[in-house]
Structure formats: C-alpha cells, structure tokens
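Undergrad: okay, predicted coordinates and the sequence, questions at the end:
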Amino acid sequence: MCMAVTRQCSCGQGVASLHHFDSTLPDEAVLAVHCPDCGESLVFDPATMMRDNGWTIEYDMELATHALAARGVDPEDVTPEYIFDHGFSTWNGLTPTDAYDKSMEMHDLLSDSKGDTRAYFEALKRWTMDRTNRLAEQGWRKARLAL
C-alpha cells in the first residue's frame, strides 16, 4: 500500500504532495518541506535534506535509516537522495504540485478530444512525453530520471 499526503511548506505559501512508496516510511520521516521562497534563507544540510529545483525536503534520517534497514537496505546507502530517488518519500508525481497540475492538464486534454477516444490517447501519449521533457528541462529531478 502507498500513502500520499499533502504538506504545507515551512513558510505556509506553498503546498507539496508527497508519496510514500509501499508505506515503508511513515509521514513523520519528512520533518519539513521548504518551497523556493522559504528555502532561500534555509541553511542546507546535505546529510538530512534533498533539494529539487528550489524545493527542499528535510528528512528524519534516524527514522528513515531504521525503517529502511528493517526492509533490508544497507544503512550506509540511506541518504536523502536515496530516499527520494527510490520513491520512499518523494513528490507525488514529478514535481511537488504535480498531482494537481497533471489532473488539470489531463482534464483539458479530455475536453479537447471531444469524445474521440483514439484522439485522446494519442494526445495523452504526446502530452506525457512532451511534459516529461519540459519538466526535465526545467530541472525537476524525477523528470530527468524518467528520461
């Protein structure tokens, strides 16, 4: 089972949707989320934080290491990047707001297809590839990894 949660950033201006793959890590493994605005004044600690295109996730590394070791992950391998890149606690989608953004864009695609199923699926395929490329070019980590 996977868990998806929404987290407000530390300054309260941004909201990120997070995904916890297979519920291996509890939501408490994320200490804080920082948007680009509140991240400007943040003292970045690479031992506990993962930065992605201006957004930062701060992890409870003791909790994460313990939970992942119980699943057979070597504690030496557990880094913020490992947690993020392996989906244990990452964006719900390719960006912090992807769950919402994607649903809005897909709604527009469906509306544009005017009920033509084939046209919808062709547009969806093009949209998915173009969108992933666009997000990768913008610097989003998961989009770059998806290419």
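TA: Good, I have the coordinates.
Undergrad: what about the strands in the protein?
TA: Using DSSP state E, the strands of the chain run over residues 3-8, 15-20, 30-34, 49-52, 55-59, 90-91.
Undergrad: could you export the lowest-mean-pLDDT helix or strand in the chain as PDB, CA atoms only?
TA: Least confident helix or strand of the chain, by mean pLDDT, DSSP states H and E, is helix 98-113 with a mean of 81. Provided in PDB are the C-alpha atoms of helix 98-113 (Å, rounded to 0.1, in the frame of the first residue of the first chain):
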ATOM      1  CA  ASP A  98       2.300  17.500 -10.000                       C
ATOM      2  CA  ALA A  99      -0.700  15.600  -8.600                       C
ATOM      3  CA  TYR A 100      -2.900  18.800  -9.000                       C
ATOM      4  CA  ASP A 101      -1.200  20.200 -12.100                       C
ATOM      5  CA  LYS A 102      -1.400  16.900 -14.000                       C
ATOM      6  CA  SER A 103      -5.100  16.400 -13.300                       C
ATOM      7  CA  MET A 104      -5.900  19.900 -14.600                       C
ATOM      8  CA  GLU A 105      -3.800  19.400 -17.800                       C
ATOM      9  CA  MET A 106      -5.400  16.000 -18.400                       C
ATOM     10  CA  HIS A 107      -8.900  17.500 -17.900                       C
ATOM     11  CA  ASP A 108      -8.000  20.000 -20.700                       C
ATOM     12  CA  LEU A 109      -6.800  17.100 -22.900                       C
ATOM     13  CA  LEU A 110     -10.100  15.200 -22.400                       C
ATOM     14  CA  SER A 111     -12.100  18.300 -23.100                       C
ATOM     15  CA  ASP A 112     -10.100  19.000 -26.300                       C
ATOM     16  CA  SER A 113     -10.600  15.400 -27.600                       C
END
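Undergrad: tell me the buried residues in it?
TA: 98, 99, 101, 102, 109, 113 (16 or more other C-beta atoms under 10 Å). Quick note: C-beta positions are derived from backbone N, CA and C, even for glycine.
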